[in-house]
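K.L.:
3D, please:
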Amino acid sequence: MWLSGLHIPESYLSGLVQTTCRRKRWPLDKSTLYTKVTSMLDASEVKERAADGCYIEGLALEGAAWDHAQQCLRRQDPKVLLVDLPILQVIPIEANKLRLQHTFRTPVYVTQARRDAMGKGLVFELQLPMRHGDDDSHWTLQGTAAFLNTDGDMSRTGAAAAPAAPAAAQPAQA
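P.N.:
Alright, predicted model coming up:
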């Protein structure tokens, strides 16, 4: 699912939770979303539909980098402001069954301005694994966040930058 393409992505995520709660007979007010980072980098690698929840793509990470080998957050490379996250699995779960250790609750915003066109901010929170020994205060002070839409591909890794558009031909003045 390309969550960035939705006008109000929160409604889609709420729908995921509601349908799972209805099917599994969970109380809606005691349910939440859990995210799991996959090793898949491209949507074409997803071979089957998720049993619960969905797979999402297209999120960019600022204030940290993603270690593909160890599947955890790592410090940013110099002069690289944004990195693409792998495909994420969003799973509705009962809140009392969610036990997180060595994870950073990463906010996801619509834009890098950390708000959307209506002035609202947070869409949801990712749970990104940290290396053992890392403290979540480090990532908080770095301003680590994920974004559905970015200001451009400048200083971004993992994404193919769009080629420059050719200059429009100007008619000759007579």
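
K.L.:
surely Leu122 meets Val108?
P.N.:
Yes - between Leu122 and Val108 there is a contact under C-beta atoms under 8 Å: 7.2 Å. Glycine gets a C-beta too; all of them are placed from N, C-alpha and C.

K.L.:
quick one, what contacts the most centrally placed residue in the chain?
P.N.:
For the chain, the residue nearest the mean C-alpha position is Leu59 (3.8 Å; C-alpha atoms, centre = their mean). By C-beta atoms under 8 Å, 6 or more residues apart in numbering, Leu59 lies in contact with Leu3, Asp84, Leu85, Leu88, Val108, Leu126, Ala146, Phe147, Leu148.

K.L.:
could you rerun that using 6 Å?
P.N.:
Taking C-beta atoms under 6 Å, 6 or more residues apart in numbering, we find Leu59 in contact with Leu85, Ala146.

K.L.:
distance of it from Asp135?
P.N.:
Per C-beta to C-beta, to the nearest Å, Leu59 is found 23 Å from Asp135.

K.L.:
about what we covered before: neighbour-wise, which of Leu122 and Val108 wins?
P.N.:
More crowded of Leu122 and Val108, by other C-beta atoms under 10 Å: Val108, with 23 against 14.

K.L.:
these two touch, right, the more buried one and Phe124?
P.N.:
Yes - the criterion here is C-beta atoms under 6 Å, and Val108 meets it with Phe124 at 5.4 Å.

K.L.:
now Asp29: phi and psi?
P.N.:
Its backbone dihedrals place Asp29 at phi -70, psi -10, with angles given as degrees, to the nearest 10.

K.L.:
any idea how far Ala43 is from it?
P.N.:
33 Å.

K.L.:
look at the two and report which has more neighbours.
P.N.:
A side-by-side neighbour count of Asp29 and Ala43, using other C-beta under 10 Å, places Ala43 first with 13 against 7.
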